[in-house]
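> show me the folded form of this:
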Amino acid sequence: MAIQQEWANKDYYGDLGVSSNASAADIKKAYRRLARENHPDSNPGNKVAEEKFKRVAEAYDVLGDETKRKEYDELKSMINSGGFGRFGGAGGPGFPGGFRTTQTDFDLGDIFGGAAGGQAADGGLGDIFGSFFNRGGGAGRNARPSRGADVETEISLDFREAAKGTTIPVELTGEAPCTTCHGSGSKSGHTTTCDLCSGSGFIRENSGGFGMARPCTKCGGTGTIVEDPCPTCSGTGTVRRTRSITVRIPAGVVDGQKVRLAGQGEAGPNGTPAGDLFVTVQVRPDKVFTRSGDDLEVTVPVSFGELALGGTVTVPTLDNRVKVKVPAGTPSGRTLRVKGRGVPKRSGTAGDLLVTVQVQVPKDLDPSATSALRTYAQAEKDSGFDPRAGWAGLA
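Okay, the predicted model is just below:
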């Protein structure tokens with residue numbers, strides 16, 4: 001696995017909250033706990049949790065892989081022990097991260113693992129520094145793309161589709177595996193190792209005492225040669241075409257959330273893995289419902305009599321209708337909670353339904369209703385009820 005240049009400034013053990021000698025099981029356990037706590041689905045709109053989730057995922061991507069973890073530990077150990085001392089501070093041209101040499105009589109190919117004759121050596125610091133400087137290192141580390149390009153697209157969903165989850169067809173135009181050669185790029189399906197770079201994908205050159213590397217001009221940095229290019233894709237293994245895939249949107253997605261579909265991006269050249277597809281979900285507002293996290297909110301119009309005397313009102317949900325009991329004397333604007341009738345969660349449970357009752361005042365009353373209301377208003381006054389008693393300092 002290629003070491004990322006930014007590893008030098010990352011503390012992956014700290015991000016996962018484990019020690020550097022933690023077991024693979026402890027690392028996995030810590031990752032699962034932190035990923036669950038900081039997942040965007042559980043923390044909608046929480047940028048701090050979202051950033052923490054990304055750091056945790058990045059840390060586990062390295063520490064959860066035995067090879068990557070070993071390379072990361074070796075790099076950090078060298079940094080902590082002053083192993084970069086020979087490279088000094090401010091960098092010269094062509095050296096990322098501000099590295100420079102303090103000597104002019106050695107070949108960087110020796111450090112990167114280069115052997116006599118420009119061939120790549122196996123193992124050692126070449127594997128670390130070769131990938132760290134993105135210049136090739138051990139055998140098998142070449143310049144060919146390791147995967148296809150990621151693809152981003154957007155879809156629009158109704159509020160209820162996003163809350164309950166749905167599947168939707170999406171059309172994508174981009175690089176897809178060639179159906180003639182099945183992605184190999186070869187008409188016969190066979191490739192050979194490049195004899196110029198011996199399969200490394202790089203050619204090493206000495207310039208002024210420095211060993212540099214550049215992509216092989218014969219194989220284009222792939223390390224392999226296609227002797228009989230496929231006539232359909234001209235040896236690339238991919239063709240540009242439009243394809244339709246079905247995207248499953250999980251229940252509970254929020255507006256602006258991205259859904260990742262691994263391996264559904266553009267096909268990689270010559271049989272390498274495809275990239276990922278990232279679908280940004282745009283949620284259209286609903287006329288009835290709004291959301292607060294996993295809770296579903298709805299405002300229900302009621303009459304004064306229903307609040308004063310109490311009763312039962314019928315309320316819509318995402319699936320069907322439910323009856324909600326309104327206690328006598330309920331004030332307008334009060335919110336009643338119905339457990340488990342909100343937005344579905346990944347755990348299989350659901351949020352709550354929050355029902356806010358709002359009094360509707362009739363604009364026109366017939367004579368009998370007007371007479372009855374006047375009688376009630378007088379009785380209310382005679383009972384000593386004052387709706388503004390104690391309000392704004394009034395006696």
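> right, and Thr153 touches Thr173 too?
No. Counting by Cβ atoms under 8 Å, no contact exists between Thr153 and Thr173, whose distance comes to 10.2 Å. Backbone N, C-alpha and C define where each C-beta goes, glycine included.
> those helices in the stretch 251-395 of the chain, which residues are they?
Taking DSSP state H, counting those that start in this stretch as the criterion, the stretch 251-395 of the chain carries its helices at 304-309, 367-382.
> can I get the ones you listed in CSV including mean neighbour count and distance to Glu51?
Shown next, in CSV, are the helices of the stretch 251-395 of the chain (neighbours: other Cβ atoms under 10 Å; distance: least, Cβ to Cβ, whole Å):
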stretch, mean neighbour count, distance to Glu51
helix 304-309, 15, 45
helix 367-382, 10, 57
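> out of these, the one nearest Leu354 is which?
The minimum distance between Leu354 and the helices of the stretch 251-395 of the chain falls on helix 304-309, with 17.1 Å, by Cβ to Cβ.
> contacts for the closest one, please.
Outside helix 304-309, the residues within contact range by Cβ atoms under 8 Å, 6 or more residues apart in numbering are 313, 326, 328-332, 357, 359, 361.
> what about the residues you listed, which are in strands?
Counting by DSSP state E, the members of those that fall within strands are 313, 326, 357, 359.
> can you pick the most crowded of those residues?
Going through the ones in strands among the contacts of helix 304-309 with other Cβ atoms under 10 Å as the criterion, the one with the most neighbours is Val357, at 21 neighbours.
> show me what it bridges to in the sheet.
According to DSSP bridges, the partner residues bridging Val357 are Val300.
> thinking again about what came up before, quick one: the helices of the stretch 251-395 of the chain as JSON lines, columns for mean pLDDT and distance to Ala149 too.
JSON lines is the format used below for those (pLDDT from 0 to 100; distance: least, Cβ to Cβ, whole Å):
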{"stretch": "helix 304-309", "mean pLDDT": "92", "distance to Ala149": "59"}
{"stretch": "helix 367-382", "mean pLDDT": "91", "distance to Ala149": "69"}
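> turn these into a markdown table, including distance to Val279.
Listed next are the helices of the stretch 251-395 of the chain as a markdown table, based on distance: least, Cβ to Cβ, whole Å:
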| stretch | distance to Val279 |
| --- | --- |
| helix 304-309 | 44 |
| helix 367-382 | 55 |
